[in-house]
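K.L.:
Build me a model from this:
(chains A and B)
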Amino acid sequence: MFSDFRAFVIKFLYCAFKSSGWRQEEVMRVRFAPAPTGYLHLGGARTALFNWLLAKQHQGKFILRVEDTDIKRSTQESVQVILDSLNWLGITWDEGPYFQSERIHIYKEYIEKLLQENKAYYCYCTPEELKAQRQEALESPDRPAYDGRCQNLSLAQRQEYESGGRKPVVRFQILPGMTTVNDLIRGELTFDNKLLGDFIILKSDGMPTYNFACIIDDALMEITHVIRGEDHISNTPRQILLSQALGFKLPIFAHLPLILGTDKTPLSKRHGDVAIGHYIQEGYLPEALVNYLALLGWSTSDSQQIISGSELVVKFSLERVSKNPAIFDLEKLRWLNGEYIKGLDIDTLTGLCGKYLNKIENRKSKIENRKFKEIVRLFQERMRTLGDFVERARFFFVDTGSLVYEPEAMTLLTKNGVSEIMEQVKTKLSQLSSFTPDSIEMCIRRLAEELRIKAADIIHPLRAALTGSKVSPGIFEVVALLGKKIVTERISKVLKN
RNA sequence: GUCCCCAUCGACUAGUGGCCCAGGUCAUCACCCUUUCACGGUGACGGCGGGGGUUCGAAUCCCCCUGGGGACGCCA
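P.N.:
Alright, predicted model coming up:
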């Protein structure tokens, strides 16, 4: 009696866990297997992260495997970018990177074995012929894409094709039946074999296809858990069938929900900034990105938002991974990044901001270290990325001559009576002997009293004059850090215009 | 078209039959603080896609519909 069906399912899966051979005492082995055809994107990074988290949690091994069987599209630069991105995120691997392109001889062995056992066969259909077949299949339902026409080719027919210059592929023969995938996240998924079609396992260029190389490597590398994106679900029955044909032990599968863009389609280049490299450049912290990525499809029972990497290692679990796709929300990432920046000690943050200084055009050559640190301090709770710092603190680092005035700032400066006020401010400030935020504040407030105006009437135009903007950190700190010389210089400049 | 998956505020999610006329976080809005911005504080707005069941009782279980997504490559 299953009063609680879900408990039953969980129990069932637990048994699947056991029967597939993995016991807690055994070393968990997971892998991340990117194709080096571009950069590491957000989805891949999350897949890598979840694998890594699990490996760390169970003191297992995280294996990096580069799936470069598409020789046309794989590049060395891409490999480097992916490795760099993983390193930046703090996702370290215990083994690898292995390259599938260096393991061709291994795949060939197994191809040979399947051929010998009549579990695979040569196919001489050309891409054009296949395309036509596919078209037909699409029109008449219930027909597999490939009809198996090369299955029983005679030696003579094969020789005829070969002499015609055709290079064969090798197809895996699918036997009728049903194949069940036990997925840790989704439960039991059943597929009808006849819908799978005799798929290609060796391409005519001699390279194995994804499904083949993948399952061979997973088996030989003794992968215990295959954790990957949901887009691989339909590959899984194929891989299971291959695995069984070869007598391999099956790993445990877990398919993660996809990450989508705001238009609810899977995140891709079309959505713009999906490369991890982009977030590195914009000044996101790896800890923040890791935190955000973890929250995309996974959560704690109390919806905790800020979770450090080490805490993630302890708390993460596949059981709590959600089944529905998650939409990537840049605003939340920015917020999280801001939280992490606020949590940084000032010296660390100063160091990080220092690296972004060279992004400022027309920058003055040098700045005192102590002063720079104070500037960073002013922006610590105002920035969400290090890129924000560059933009907002720019006025500290450029010459008065190249300071840009925003239209809103100009409006503040051209109001009636502002010139007179600024003239007074300049005089008073230049007479100050101690140039600290406190003394400056006292000076300005006293001046406001003398002129019988509100302090704000001095502060706003002063901010505009010094920063070129109507927003900035506290003006007294800004004045103090800018220094008397630059302050008088900038006020003079606006008075002239 | 066929197969598979999914469905709670605008977004991420909590929720495993009564603690939920649904909780947290981001975003949005208002107020407080205040020299602007940000921070911080207080509060508001806002959701179980629809329809049938099962049950004393359903966001939670079942069915149908609808919607979204994935796969159907000599890409991975």
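K.L.:
make it CA atoms for all contacts and neighbour counts henceforth
P.N.:
Will do.
K.L.:
so where's chain A shaky on pLDDT?
P.N.:
A:1-21, A:139-144, A:365 (pLDDT under 70).
K.L.:
Check the spacing between the most centrally placed residue in it and A:D273 real quick.
P.N.:
Nearest to the mean C-alpha position of chain A, by Cα atoms, centre = their mean, lies A:L42 at 2.4 Å. From A:L42 over to A:D273 the distance is 9 Å, taken as Cα to Cα, to the nearest Å.
K.L.:
Common neighbours of the two, please.
P.N.:
Residues touching both A:L42 and A:D273 by Cα atoms under 8 Å, 6 or more residues apart in numbering: none at all.
K.L.:
Contacts only, for the residue nearest to the centre of chain A.
P.N.:
A:274-276, A:293.
K.L.:
Go through those residues and name the one nearest RNA strand B.
P.N.:
Nearest to RNA strand B out of the contacts of A:L42 is A:L293 (Cα to the nearest atom of the strand; 8.6 Å).
K.L.:
Count the neighbours of the closest one for me.
P.N.:
Using other Cα atoms under 10 Å, A:L293 is surrounded by 21 other residues.
K.L.:
Now do the same contact list for it.
P.N.:
A:42, A:45-46.
K.L.:
so when I look at it, I'm seeing a helix, right?
P.N.:
Yes: checked against DSSP: H, G, I helix; E, B strand; the rest coil, A:L293 lies within a helix.
K.L.:
about what we covered before: any chance of JSON lines for the contacts of A:L42, columns secondary structure and distance to RNA strand B?
P.N.:
Formatted as JSON lines, those follow (DSSP: H, G, I helix; E, B strand; the rest coil; distance: Cα to the nearest atom of the strand, whole Å):
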{"residue": "A:V274", "secondary structure": "coil", "distance to RNA strand B": "15"}
{"residue": "A:A275", "secondary structure": "strand", "distance to RNA strand B": "16"}
{"residue": "A:I276", "secondary structure": "helix", "distance to RNA strand B": "17"}
{"residue": "A:L293", "secondary structure": "helix", "distance to RNA strand B": "9"}
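K.L.:
Out of those, grab the one that's most surrounded.
P.N.:
That'd be A:I276 among these, by other Cα under 10 Å, with 25 neighbours.
K.L.:
So it sits against A:G44, correct?
P.N.:
No: under the criterion of Cα atoms under 8 Å, A:I276 is not in contact with A:G44, lying 9.5 Å apart.
K.L.:
Please enumerate the helices of the stretch 1-150 of chain A.
P.N.:
A:5-19, A:42-57, A:76-89, A:104-116, A:127-139 (DSSP state H, counting those that start in this stretch).
K.L.:
before we move on, the earlier item: out of the contacts of A:L293, flag the one nearest to RNA strand B.
P.N.:
Among the contacts of A:L293, and counting by Cα to the nearest atom of the strand, the member closest to RNA strand B is A:R46, at 11.7 Å.
K.L.:
Quick check: the closest one touching A:A294?
P.N.:
Yes: counting by Cα under 8 Å, A:A294 is a contact partner of A:R46 at 6.9 Å.
K.L.:
And for whatever residue of the stretch 151-300 of chain A ends up closest to RNA strand B, the neighbour number?
P.N.:
Per Cα to the nearest atom of the strand, A:G297 is where the stretch 151-300 of chain A lies closest to RNA strand B, at 2.9 Å. The number of residues packed near A:G297 is 20, by other Cα under 10 Å.
K.L.:
What sits closest to it if chain neighbours are left out?
P.N.:
A:S322 (5.1 Å; Cα to Cα, 6 or more residues apart in numbering).
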